[in-house]
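**Student:** With the sequence up front, the predicted model follows.
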Amino acid sequence: MTYRSETFAVPVRAPRRRGPVLLLSPSVLFLILAFGLPMGLMLGTSFVDLSTGSLTLRHYERFLTDGLSLYGLGRTAGMSAMVAVCVTCLGYPLAYYLARSSGRVRAIVFALALAPELAGVVLRTYGWLIILEDHGVINRSLMTLGLIAQPLPLSKNLFAVVVGLTHVILPFGVLALMASIQSIDVNLQRAAQMLGASPISILRHVLLPLSVPGIVSSLLLSFTMAASAYATPALLGGAGFKVLATMVADQVLFYLDWPFAAVMATVLLVMMSMISFLGLRFEQSRRLDQHVRLERAS
């Protein structure tokens, strides 16, 4: 008699990794409660008519037809763009020095770059108010030297707000740029220098193209922080300087119009999200182009 033995393959399931899920659960829950839920309530409030309790688009129509609201949106975008450019341009040389230097001097410069974050935003803003006001340090010094006869309009305007926000956001831009510059191989600069490239050519053709991710991160971070800032525009800009953040506060505190304030906050959030999305898409497309060029060269 012949016996036939058959072997049956039993599928084995891979063990589920619950460790990452358990580690991320507290953070996700916190984001849902602290960010997702308030944003959802704000979005829902923007569609509610307080007089009837029904859903309506009247508040969005009011925002799109109100000249003051559109002016505040345009001023917010322009102010944030100016702050982003100033932070990136001023922070790039400092970030390059911190990324390429070492020793005690680097530690001192790094500490000085982050020192403004040790003080509160309101305290730093009042410091700039003392410096830039009509009888402040700058105007008083210039008038004492006889260079001007009347105080220069340095406060209560866009210039003062851009200066104050640049001072507040500059450390964050420096950190974003420094991380990108540190990832660039120093040998690339040395090779370009050995081939006869000038410092300007090295900056233009080596450093700037390779540090685009840091530049984009600095611009996006500075733009979003400036667009959502309230204390600095309110103190340095004065009562006549209106951006969306201060206009939202006015609608809540003085006019008690919560739906219209929710509309302004939603528009501000959408604007920042669109700018961030476009910036990330630009960075991804640039990385893809560099990858394609490397494959063609190889």
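**Tutor:** Right, received. Where do you want to start? Remember, it's a predicted structure, so these values are computed and weren't measured experimentally.
**Student:** okay, the closest residue to residue 45 other than its chain neighbours: pLDDT?
**Tutor:** Among residues not flanking residue 45 along the chain, residue 262 sits closest, at 4.2 Å (C-beta to C-beta, 6 or more residues apart in numbering). Yep, even glycine has a C-beta here, placed from its N, CA and C like the rest. Looking at residue 262, its pLDDT reads 92.
**Student:** ditto for residue 211
**Tutor:** Residue 211 carries a pLDDT score of 88 in this model.
**Student:** who touches it in this structure?
**Tutor:** Counting by C-beta atoms under 8 Å, 6 or more residues apart in numbering, residue 211 touches 92, 177, 180, 181, 184.
**Student:** Can you mark which positions in the strand or helix carrying the second one are buried?
**Tutor:** According to DSSP states H and E, residue 177 maps onto helix 158-182. Buried residues in helix 158-182, defined by neighbour count with 16 or more other C-beta atoms under 10 Å: 158-178, 180-181.
**Student:** How about stretch 124-135?
**Tutor:** 124, 125, 128, 129, 131, 132, 133.
**Student:** Including pLDDT, could those go into a markdown table?
**Tutor:** Formatted as a markdown table, the buried residues of stretch 124-135 follow (pLDDT from 0 to 100):
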| residue | pLDDT |
| --- | --- |
| 124 | 85 |
| 125 | 85 |
| 128 | 89 |
| 129 | 87 |
| 131 | 89 |
| 132 | 89 |
| 133 | 88 |
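**Student:** Which members of the residues you listed are the farthest-apart pair?
**Tutor:** The largest separation in the buried residues of stretch 124-135, counting by C-beta to C-beta, is between 124 and 133 at 15.0 Å.
**Student:** For residue 208, see how far away residue 193 is.
**Tutor:** As for residue 193, its distance to residue 208 is 16 Å (criterion: C-beta to C-beta, to the nearest Å).
**Student:** ditto for residue 188
**Tutor:** Remark: distance between residue 188 and residue 208 (C-beta to C-beta) = 12 Å.
**Student:** same deal with residue 178?
**Tutor:** Using C-beta to C-beta, we find residue 178 at a distance of 15 Å from residue 208.
**Student:** Can I get stretch 145-155 as PDB, trimmed to CA atoms?
**Tutor:** In PDB, the C-alpha atoms belonging to stretch 145-155 read as follows (Å, rounded to 0.1, in the frame of the first residue of the first chain):
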ATOM      1  CA  LEU A 145      22.400 116.300  15.300                       C
ATOM      2  CA  GLY A 146      20.400 118.800  13.200                       C
ATOM      3  CA  LEU A 147      19.900 116.300  10.300                       C
ATOM      4  CA  ILE A 148      16.100 116.700  10.400                       C
ATOM      5  CA  ALA A 149      13.700 119.400  11.600                       C
ATOM      6  CA  GLN A 150      10.700 117.300  12.100                       C
ATOM      7  CA  PRO A 151      10.300 113.700  13.300                       C
ATOM      8  CA  LEU A 152      10.300 111.000  10.600                       C
ATOM      9  CA  PRO A 153       7.100 108.900  10.300                       C
ATOM     10  CA  LEU A 154       8.700 105.700  11.500                       C
ATOM     11  CA  SER A 155       5.900 104.400  13.700                       C
END
